[in-house]
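Q: have a look at this fold, sequence not included:
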Ligand SMILES: [Zn+2]
């Protein structure tokens, strides 16, 4: 029963009723309602409990300023801590109040109220400080009772992120913003107009004003229609600009996308100029019991009456210190609400305001000193500012207005400075830092005529066009006498500055007494302004209270920093489509499908490449699979897909000396057809990457890198060439995806490749180790390279990607008689450990150099200079103890050592002397073997060392870091 | 998100670039420089409050390594050390 709904009027569609649930009860509202307006239409007054004291609360505002009624939405709309005033009502919506259990009417936590006097500012910090706040924090946060995040992502639909560019971005589609968008749009500029409300019009929706002698909303409709016809204008409603970042980049969160699977869309708009038409937000007055259900902002009541056709009360008292509330009183009375009195703290009330009041009794120089009714307002106590002439007035609604604050959040985020304006008793934009202008209410221009004028002026300036003739509108006057809080004698009880976080005038006074005297400290100590509403209705009153207490001007107190987001934004919207498959798609080789069909277990192999980890067969255990693949390579033949290795082609006259500069060893002596394993260092002497350089021709090389570091090496080469050697003739082309390769390895590798039918002479005399040859393999153009990462005879057959799958299947076919197996990265790891080949990320950790790895031979002594040389020499000077690469054989051959396990002297609780970098089951030794970095390891072969585990020690014998074919005969065969 | 001027592509969003760090002095001749100067070159990174010259790699664009002056207080791209915003 919407018994508080007017039969006519408002921006709601009575033809579209919407059913919803609130705290378990069924209600109906209309299309066009917010959850808050629908609750008021159903006369639901008690809608929330407060954060700290669990005091009963109602609906206070009508928009993002709402401090009191936070709800948690269930089901399809699941989200937490939404202001009821910004939730667009939908059919089937289910909402619950936060902060109360089981319901706001019967709230167990309300027992806190009994102790309210014992919970002053900083109470938690003072009380729960031993041994540490973090010990208590989780429980306290839970007791505080704000809703948690939804447990699962939305079932249907997704979030989206979009980039947009605009010559003029207009934030806010009230009178100033619409006017600005019209002027800029008519000038043909790319205009982006975003407004947080469901429909355009801004404050015009809430009020009864005229433009050009007709209802203002007619002008709004015509303006929106005109913008609609302009292809250069993007106009979004229900879209909040929530962050103003550097270089005029703004974030706009669009909700309520019609007929779309997109839940919310986050726009990143880069604008030439920004026009901030964000309006102004009414602030409350601060008096005892100003948080009772039924105490509402005057502008909110006006919105409920005019925009939603809802009667927020039967009999109201209006309490104000400025003129704007008089228009509200007039609107309410015209709607049949009994306005019992206007209580104005000012002694002198302008005629402009009095004219609105008509015959409503006005009590000038008076304030509200108390509110009767705990769960709903039943009346107010009024007195002169000095406490005399006290009187009680019965009412069920108390409206209050403490003045208007320009919505400077975005302006302030853009680093624009604020200035305290005495005539408006608030902070207004001062100098802009980025290319933006504030207009209308956001600039403190509170009349309709000045909103239209400043909007047009800013757009005309931004577009270099003439200011058009403006439609006639009223130039309402506005005056205010600041009242930061009521302290008349007889005013007793909690007076809230921040209703959401339960921060009272006394809390701020206490913070100041205790020495927290900067506004930022007061904020953090009292938590005033730190709620979801970010103190939109209360912050300036806090500043005023501090200023009054300290006896300084408000300008000197200043404001706290405004930070994004202006209003809450869901994490989903910030993330957009960050689902991994979209943002970081996996990279595949042409063999992926084959691998999957073969039942491979896929891994990520660095740089987002998907590679097979191992190929399970039948009901094999993991280790059995790996052993089978390793044995194939060691005993007959295996093949793996080496395509993900980074590959770069270098061309130019100076490639020789460039490679000599970036590798530790000498490359320029290679002849065409030869290749060499090399190591790259960073300038501070750490290992950057290892790989193979092949000389294709006089001035043409191919360099391969490890899979994971391809991009890093690319950046390294390009940076050197572009910044240090701009005159060197070297061109780097990434060809990682242009060359695929299948590496056939094992004692039978030559026979398999020969069986593929090739015009390349595979004999060790013609194609020895570390040589390559171009020709054909299996009828496909190919380059065959004799490198080995397994220690076995290997032929790396490189082909174009379009031939890779073909080549692969031909290899499997030709290898079948030899018992060929596809080999995954698990087996590759075992094979390289058996050989003691280093792996970046295992043996190389940012402290290790080539000498530590027993690879001193790779540090050229012939070259005077190369990247990292000086630094390695410098670091190795003196007698510093180094951790050096060794092999370990666990004394018990069946004991596996976890990778990363520390070595300590005697296995005792002492500082480590090294760590285990890899441990694998060796198929050639039929036992566990490990590699380790050990202090002075190279001179400790034969010693027994100890791995210290949590509950055990493992003894292991130290040896050279090679367990198989130490002379390298196999791979050279 | 900053807007970074690439000499080839014009003003592009920061997300297209990789940060290359502040511009260091030229690499000293490793044969003649003292240990102290070499360590200084390696480890001391300019970190002014105000304009700093730095490199960005237009890695998701044309691949250029470019050099700009950026005011660390404001993110303004400025002409040089004297052109603070
Ligand atoms: Zn570029």
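A: Noted; the coordinates are in hand. Here the structure is a predicted model, which means the values were calculated and not measured.
Q: where does the prediction get shaky in chain A?
A: Scanning chain A for pLDDT under 70 picks out A:99-102, A:106-146, A:259, A:578-583.
Q: SS state for residue A:863?
A: coil (DSSP: H, G, I helix; E, B strand; the rest coil).
Q: any idea how far it is from residue A:669?
A: 11 Å (CB to CB, to the nearest Å). In this view, the C-beta of every residue, glycine as well, is placed from N, C-alpha and C.
Q: over to residue A:728?
A: From residue A:728 over to residue A:669 (counting by CB to CB), the distance is 19 Å.
Q: now residue A:864
A: In terms of CB to CB, residue A:864 sits 15 Å off from residue A:669.
Q: so which of the two has more stuff around it?
A: Taking other CB atoms under 10 Å in any protein chain shown, residue A:864 and residue A:669 do not tie; residue A:669 has more neighbours (12 against 9).
Q: got the residues of chain B near chain A?
A: By CB under 8 Å from any CB of the partner chain, the residues of chain B that approach chain A are B:1-3, B:13, B:18, B:20, B:27, B:30-31, B:35, B:38-39, B:42-43, B:55, B:57, B:59, B:63-65, B:67, B:74-75.
Q: weed out the non-buried ones from these.
A: Among those, those buried by neighbour count (16 or more other CB atoms under 10 Å in any protein chain shown) are B:2-3, B:13, B:20, B:27, B:30, B:38, B:42, B:55, B:57, B:59, B:64-65, B:74-75.
Q: and residue 36, what are its phi and psi?
A: By default, I'm working from chain A. In terms of degrees, to the nearest 10, the main-chain angles of residue A:36 are phi -70, psi -50.
Q: that answer is for a different chain, and I need it for chain B
A: phi -60, psi -40.
Q: which bits of chain A sit near chain B?
A: Counting by CB under 8 Å from any CB, chain A sits next to chain B at A:163, A:245-249, A:268, A:270, A:415, A:433, A:683-684, A:715, A:718-719, A:722-724, A:864-865, A:869-871, A:874.
Q: all strands of the stretch 101-250 of chain A, in order?
A: A:158-171, A:191-194, A:210-211, A:214-215, A:233-236, A:239-245, A:249-254 (DSSP state E, counting those that start in this stretch).
Q: packing partners for the helix or strand where residue A:828 lies?
A: Element membership of residue A:828, judged by DSSP states H and E, is helix A:825-835. Here helix A:825-835 touches strand A:610-614, helix A:622-635, strand A:914-922, strand A:927-935, going by 3 or more CB pairs under 8 Å, 6 or more residues apart in numbering or on different chains; DSSP states H and E.
Q: of the ones you listed, which is nearest residue A:586?
A: strand A:610-614 (4.6 Å; CB to CB).
Q: list the buried residues in the closest one.
A: A:610-614.
Q: what's the angle between that strand and helix A:825-835?
A: Strand A:610-614 and helix A:825-835 are oriented at 70 degrees to each other (axes from the mean of the first three to the mean of the last three CA atoms, to 10 degrees).
Q: I'd say residue A:771 and residue A:674 touch.
A: Yes: with contact defined as CB atoms under 8 Å, residue A:771 counts as touching residue A:674 (5.9 Å).
Q: which SS class is the residue at the greatest distance from the centre of chain A?
A: Relative to the centre of chain A, the most outlying C-alpha is that of residue A:765, 59.7 Å out, by CA atoms, centre = their mean. Here residue A:765 takes the coil state, with states given by three-state DSSP.
Q: what sits against it?
A: Residue A:765 sits next to no residue when contact means CB atoms under 8 Å, 6 or more residues apart in numbering or on different chains.
Q: now do the phi/psi pair for it.
A: Per degrees, to the nearest 10, the backbone of residue A:765 is at phi -80, psi -40.
Q: next one: it from residue A:211, what distance?
A: 95 Å.
Q: same question for residue B:25.
A: 64 Å.
Q: show me where chain B has its strands.
A: Assigned by DSSP state E, the strands in chain B fall at B:3-6, B:10-13, B:18-22, B:51-57, B:65-71, B:77-78.
Q: who wins for proximity to residue A:10 among the ones you listed?
A: Closest of the strands of chain B to residue A:10 is strand B:10-13, at 43.3 Å (criterion: CB to CB).
Q: rewinding a little: of all the strands of the stretch 101-250 of chain A, which lies closest to residue A:541?
A: Of the strands of the stretch 101-250 of chain A, nearest to residue A:541 by CB to CB is strand A:239-245, at 24.0 Å.
Q: what's around residue A:216, how many residues?
A: Around residue A:216 there are 22 residues (other CB under 10 Å).
Q: and if you look at residue A:812?
A: 17.
Q: which among the residues of chain A next to chain B end up buried?
A: Applying 16+ other CB under 10 Å to those flags A:245-249, A:268, A:270, A:683-684, A:715, A:718-719, A:722-723, A:869-871, A:874 as buried.
Q: chain neighbours aside, what residue packs nearest to the spatially most central residue of chain B?
A: By CA atoms, centre = their mean, chain B has its centre lying nearest to residue B:54, at 0.7 Å. With sequence-adjacent residues excluded and distances taken as CB to CB, 6 or more residues apart in numbering or on different chains, residue B:54 is closest to residue B:22, at 4.8 Å.
Q: correct me, but residue A:706 touches residue A:644?
A: No: the pair residue A:706 / residue A:644 is not scored as a contact, 9.4 Å apart, by CB under 8 Å.
Q: between the two, which one's more packed in?
A: Between residue A:706 and residue A:644, counting by other CB under 10 Å, residue A:644 is the more crowded of the two (24 against 21).
Q: please name the nearest non-neighbouring residue to that one.
A: Spatial nearest neighbour of residue A:644, excluding adjacent residues (CB to CB, 6+ apart): residue A:609 at 3.9 Å.
Q: I figured residue A:606 was touching residue A:711, is that so?
A: No: between residue A:606 and residue A:711 there is no contact under CB under 8 Å: 10.2 Å.
Q: re the thing from before, in CSV, list the strands of the stretch 101-250 of chain A along with distance to the ion.
A: Compiled in CSV, the strands of the stretch 101-250 of chain A are given as follows (distance: least, CB to the ion, whole Å):
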stretch, distance to the ion
strand A:158-171, 17
strand A:191-194, 25
strand A:210-211, 48
strand A:214-215, 53
strand A:233-236, 27
strand A:239-245, 22
strand A:249-254, 19
